[in-house]
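Q: Pasting the sequence and the predicted coordinates here, then a few questions.
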Amino acid sequence: MATSSSKTRSIWPYAIILTFVLFAGYIGYMVQQAMRTSVDLVSPDYYQQELRYQQRMETVARTAALPAPVQLEHDAARRHLTLQLPAALASQAVQGQLHFFRPSDQKLDFTLPLQPVNGMQQINTAQMQAGYWRVRLDFTAGGQAYFVERNITLAN
């Protein structure tokens, strides 16, 4: 009796090997792409930027250590913004700038000189558009730098 033994071949070993080859090829491609990608985490003037940031943090800390806070209040009825410096700084020569930033529209940004009289300055807000504003006050008094940032919302 002759029996014909026909072997059926399974494709599973080839599929597994092909899967490993494709996976290895994909990993190799990803490694190549990662090696080609430039990642610049440090800017060329990193040291200068760090010094400026450190100086800003020192001025914020110095401002927070004042005996009384710098007050910035908006009177919507009169459409005036009142800046009041602490009494400890009112008697000193103060120089600085008020920066008004409108996050939604850079064209509306503007800067005013700080010109306090007896530690107080009033700014007319009638010409400013209603909405969210960020006010930054950079000033020096007695040879020391100070910085204040406040957010205000102007209404029509």
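A: That came through fine. Numbers count the residues shown, from 1 in each chain.
Q: Next, count neighbours for Leu98.
A: Residues contacting Leu98 under the criterion other C-beta atoms under 10 Å number 21. In this view, the C-beta of every residue, glycine as well, is placed from N, C-alpha and C.
Q: in the chain, which segments are predicted with low confidence?
A: Within the chain, the stretches with pLDDT under 70 are 1-6, 39-43, 156.
Q: Just the strands from it, written as ranges.
A: According to DSSP state E, the chain carries its strands in the segments 71-75, 80-84, 94-101, 110-113, 120-124, 131-141, 144-154.
Q: Pull the residues that contact the fourth one.
A: This means strand 110-113. Gly96, Gln97, Leu98, His99, Phe100, Ile123 (C-beta atoms under 8 Å, 6 or more residues apart in numbering).
Q: Quick one: closest of the strands of the chain to Gln48.
A: Nearest to Gln48 among those is strand 144-154; the distance by C-beta to C-beta comes to 16.9 Å.
Q: Which of the strands of the chain sits closest to Ala64?
A: Of the strands of the chain, the one closest to Ala64 (C-beta to C-beta) turns out to be strand 144-154, at 9.5 Å.
Q: Okay, buried residues for that closest one please.
A: Buried residues in strand 144-154, counted by 16 or more other C-beta atoms under 10 Å: Ala145, Tyr146, Phe147, Val148, Arg150, Ile152, Leu154.
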